[in-house]
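Undergrad: here are the coordinates; sequence isn't available:
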DNA sequence: GCAAAAGTGTTAGGGGTACACCCATGG
DNA sequence: CCATGGGTGTACCCCTAACACTTTTGC
């Protein structure tokens, strides 16, 4: 392990973001349409290069705020993994630290100066993305699905106050499976720290039906017992 | 997201390795004693810079082979996460992709040209490591412990043919807890693809007692049901 | 009244835990 | 024959899946 300053090869270091949201019963991911070569006109994940004095975490939070308008404290941001294959960018050596972000109720995305267009696209995405972003997005989706099982992450898809029906819809949307409502309710309430009841009882879901009780995230990171996929 | 070649800051990209093994009922990690400043004389994780044409995975496999003498196909190597805080190396900007490696029965490590000494050190390590390697090592240990629960990773600590007693010792050593032997046996054998029986019945553990049946890794990556920590 | 959504109750089965017990071997 | 480690049996408990049922609202 040599630290000679002239012995290493210079690399560009970037972050790529897989930003998910749940809206109208559909899982969506934030994509930008590339305005420049290579892959001009194709969809890609939002991202950008690290600035001299910032960590990858800082860069990811900055990009997320720039592209979505969401403040960093209002959403979940987590490192996924790093992609470093030599040929993944045709022009130069780019090592990319990928992040997964979960946002509750997003405003319309802003197109950056370099992106022709930014949009929330339904999952799964029909066409293939630029660079190795198909693989990154698939890894991110798998990670999110797995983390719903043993962490309280699903609340990151919900607004600050939500109903158990909305929380269940997050699980069903991400996993793509239906869950038994009575059992889901019992499991969530039996898991300490997952959710906490708040007062008031307005109707939140469809126009009809009994008004649902409201909850907020309980602050627990790990779920005991876990909420396993069927 | 600008791809202008002159718009980015050059970084050095390195890999750091947290290499674990189980030997004589103790969990050990491979450390090198630094021969150069900064942190000369302190213990650190093995690692090194990426070469121009190799991915981080390639670099990690190469470093692992160099430092341990173990061929890459004989052990488990997995990306952990990337550490990119601006001040983590006092001399320049180094972004490090950390890997976790598991080796079954290691030969004596080789001291590299830049390392004064390389050794297997008992976990937990008594003194603090160079750079941010304490945090990397703690993250790696937590990841290994968690992965034993829901993957067949524990077999990566064992030789190609092993007994259930040896496999149980891996769990007990990494988790630091005792397990009920009859129940462990049943759970392992009830999990499809975890282990597969092989013929022959030599004694493998201590000098006394009934000879144990031999098994090899079954090739399953995920464990259904998982083997949860007590 | 009827549909829709929330909430409660009940039961059967699987898996985990905590043991007791038997088998095979070396000294 | 005894200590040591491998292997089997079993009873209890908790969690879970599955499904029936009641409650509260809008139309």
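TA: Received, thanks. Being a predicted model, the structure only gives us computed values, none of them experimental.

Undergrad: Against which helices or strands is the longest strand seen in chain A packed?
TA: Longest strand in chain A, counting residues (DSSP state E): strand A:12-23. Applying 3 or more Cβ pairs under 8 Å, 6 or more residues apart in numbering or on different chains; DSSP states H and E, we find strand A:12-23 packed against strand A:26-34, strand A:47-49, helix A:56-68, strand A:94-102, helix A:133-150, helix A:164-175. Every residue, glycine included, has its C-beta placed from N, CA and C.

Undergrad: What pairs with it, parallel or antiparallel?
TA: The partner list of strand A:12-23 in its sheet, established with DSSP bridges, is strand A:26-34 (antiparallel), strand A:47-49 (antiparallel), strand A:94-102 (parallel).

Undergrad: Quick one: name the residues of chain A near DNA strand C.
TA: A:163-165, A:181-183, A:185, A:204-206, A:208-213 (Cβ under 7 Å from any atom of the strand).

Undergrad: So which of the residues you listed sit within helices?
TA: Taking DSSP state H, the ones among those that sit in helices are A:164, A:165, A:181, A:182, A:183, A:185.

Undergrad: Between all of these, which two are separated the most?
TA: Across these, the longest distance by Cβ to Cβ is 13.9 Å; it joins A:165 and A:183.

Undergrad: the more surrounded of these two?
TA: More crowded of residue A:165 and residue A:183, by other Cβ atoms under 10 Å in any protein chain shown: residue A:165, with 15 against 9.

Undergrad: isn't that one right up against residue A:205?
TA: Yes. With contact defined as Cβ atoms under 8 Å, residue A:165 reaches residue A:205; the gap is 5.1 Å.

Undergrad: Need the residues touching each of those two.
TA: In terms of Cβ atoms under 8 Å, 6 or more residues apart in numbering or on different chains, residue A:165 and residue A:205 are both contacted by the residues residue A:212.

Undergrad: By mean pLDDT, which helix or strand of chain A comes out lowest?
TA: strand A:115-122 (a mean of 84; mean pLDDT, DSSP states H and E).

Undergrad: Strand partners (parallel or antiparallel) of it?
TA: Partners of strand A:115-122 in the sheet, by DSSP bridges, are strand A:26-34 (antiparallel).

Undergrad: So what's the gap between the partner strand and the chain middle?
TA: The chain centre lies 11 Å from the centre of strand A:26-34; the measure is Cα atoms, centre = their mean, to the nearest Å.

Undergrad: Hey, what's the angle from that strand to helix A:133-150? Just curious.
TA: Here the directions of strand A:26-34 and helix A:133-150 differ by 150 degrees (axes from the mean of the first three to the mean of the last three Cα atoms, to 10 degrees).

Undergrad: buried residues in strand A:26-34?
TA: In terms of neighbour count (16 or more other Cβ atoms under 10 Å in any protein chain shown), strand A:26-34 has its buried residues at A:27, A:28, A:29, A:30, A:31, A:32, A:33, A:34.

Undergrad: pLDDT score assigned to the fifth one?
TA: What that stands for is residue A:31. You'll see residue A:31 listed with a pLDDT of 96.
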